[in-house]
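[1] requesting a structural model of the entry that follows:
(one chain, ligands or ions: 1)
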Amino acid sequence: MKKALSAAAAALALAVAATACGGGGEGAQSGGDDPIVLGFSQVGAESGWRTANTESIKQAAKEAGIELKFSDAQQQQQNQIQAIRSFIQQNVDVIAFSPVVESGWDTVLLEAKAAGIPVVLTDRAVETDQKDVYETFLGSDFVEEGRKAGRWLVEEYADTDDQVNIVELQGTTGSAPANDRKEGFAEIIGEHDKFEVVASQSGDFTRSGGQEVMQAFLSSHDDIDVLYAHNDDMALGAIESIEAAGLEPGEDITIISIDGIKDAFRAMADGKINLVVECNPLIGPQLMDLVEKVHAGEEVKPRITVEEGVFTQDEAAEALPDRKY
Ligand code: GZL
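    Numbering: from 1, shown residues only. The predicted structure is shown next:
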């Protein structure tokens, strides 16, 4: 009897499960098993970091069974705003994006809020006075990344009282990483009079931008001691200009960079970059976890930062084989 009963119970359980799984396809509202639909607006494809970030997001969505609608804004805010509006029209379940610049998002964020679609910020933050227009921010502490760069430089030049002339390759004008990395670095070196930023200009986070702006720096300054680049791609572009000028990158000009892509580790191992401050792009799994929680109406922390380190030249060769981006 017991055996027969358990077989009937199993059959009933199976029938219920099948119904739940079938869900009638009415979508998430019916509690059915339809995949979460995530609209994601990406900054662009400007750097090695961005490529790795995109790959991490696409792979994580696939593994999580989340339907990803992905849009590449080619570093134009207007394209991101249009993509977000399109996601709203498609009535996606969640919207996530990395805002190319900090300001100018209030209107479209209020539109998403009015449509009842939760928004998750990743990688870069926005400036807004509006309340509750996004659920959480997942990304790095860019001010701290700038401080890490500054602290290493102060230590590296502790034994000299000579003037230290610094040129700075800034990231995309108006972007959170450019603003914050500049702020954090200035906060630390500003405590020591010997450090002077003699030139600072945006290279837009690209290799070509870094090469062009560094060329201009070299043509107007013949006493550059340090290059502080807000990302590896600009540092790698700048190295080409430094070598073209007959100078030794990493020797004649100390180079500090941020991100930690493989090419930067290779350059460090070759003695051409002196320090890399890591900025972790592999946040896809954490993002999908947040998307699921937000979709389920669960509480999430207002800000989630990612773990990242600092790598000196003598650590580069050993670390390179384990680098994932
Ligand atoms: C940082 C990210 C920056 C990277 C650049 O989280 O927004 O944008 O440092 C990328 O390489 O272009």
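[2] contacts and neighbour counts: CA atoms only from here.
    Fine.
[3] what stretches of the stretch 1-150 of the chain score poorly on pLDDT?
    Residues of the stretch 1-150 of the chain that meet the criterion pLDDT under 70 lie in 1-32.
[4] which bits of it sit near the ligand?
    Contact residues (C-alpha under 6 Å from any ligand atom) of the stretch 1-150 of the chain with the ligand: 46, 47, 49, 50, 123, 124.
[5] try 5 Å this time
    47, 49, 123 (C-alpha under 5 Å from any ligand atom).
[6] take the residues you listed and keep only those in helices.
    By the criterion of DSSP state H, membership of these in helices covers residue 49.
[7] which one of the residues of the stretch 1-150 of the chain next to the ligand is nearest residue 165?
    Distance to residue 165 across those (C-alpha to C-alpha) is lowest for residue 47, with 27.0 Å.
[8] the closest one contacts residue 203, correct?
    No - Residue 47 lies out of contact with residue 203 (C-alpha atoms under 8 Å); the separation is 11.6 Å.
[9] can you tell me how far the residue in the stretch 51-200 of the chain that the ligand sits nearest to sits from residue 256?
    The stretch 51-200 of the chain approaches the ligand most closely through residue 123 (4.7 Å), counting by C-alpha to the nearest ligand atom. According to C-alpha to C-alpha, to the nearest Å, residue 123 and residue 256 sit 21 Å apart.
[10] do residue 151 as well
    For residue 151, the distance to residue 256 - C-alpha to C-alpha - is 11 Å.
[11] also residue 293?
    38 Å.
[12] quick one, which of those two is more surrounded?
    Of the pair residue 293 and residue 256, residue 256 is the one with more neighbours under other C-alpha atoms under 10 Å, namely 27 against 13.
[13] if we can go back for a sec, enumerate every residue touching the nearest residue to the residue of the stretch 51-200 of the chain closest to the ligand once chain neighbours are set aside.
    Leaving aside its chain neighbours, residue 123 sits nearest to residue 139 (4.3 Å; criterion: C-alpha to C-alpha, 6 or more residues apart in numbering). Residues near residue 139 by C-alpha atoms under 8 Å, 6 or more residues apart in numbering: 122, 123, 124, 283, 303, 304, 305, 306.
[14] three-state assignment of residue 148?
    Of the three states, residue 148 takes helix under DSSP: H, G, I helix; E, B strand; the rest coil.
[15] how many neighbours does it have?
    Neighbour count for residue 148, taken as other C-alpha under 10 Å: 22.
[16] the stretch 201-325 of the chain: strands as residue ranges?
    Along the stretch 201-325 of the chain, the stretches classed as strands by DSSP state E, counting those that start in this stretch are 226-229, 254-259, 275-278, 303-305, 310-312.
[17] export those strands as TSV, with columns for distance to residue 101 and mean pLDDT.
    Formatted as TSV, the strands of the stretch 201-325 of the chain follow (distance: least, C-alpha to C-alpha, whole Å; pLDDT from 0 to 100):
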stretch	distance to residue 101	mean pLDDT
strand 226-229	18	99
strand 254-259	18	98
strand 275-278	21	98
strand 303-305	18	92
strand 310-312	26	97
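[18] hang on, the earlier thing: among the contacts of residue 139, which ones are buried?
    With neighbours counted by 16 or more other C-alpha atoms under 10 Å, these contain buried members at 122, 123, 124, 283, 304.
[19] state the phi and psi torsions of the fourth one.
    When read as degrees, to the nearest 10, the backbone of residue 283 gives phi -100, psi 10.
[20] do you know the pLDDT at it?
    Residue 283 is assigned a pLDDT of 96 by the prediction.
[21] to what extent is the nearest residue to it once chain neighbours are set aside buried, counted in neighbours?
    Once flanking residues are discounted, residue 283 sits nearest to residue 56: 6.6 Å by C-alpha to C-alpha, 6+ apart. Residue 56: 19 surrounding residues under other C-alpha under 10 Å.
[22] would you confirm that residue 70 contacts residue 43?
    No - if you go by C-alpha under 8 Å, residue 70 and residue 43 don't touch, sitting 10.9 Å apart.
[23] tell me which of those two has more neighbours.
    Applying other C-alpha under 10 Å to residue 70 and residue 43 shows that residue 43 carries more neighbours, namely 24 against 18.
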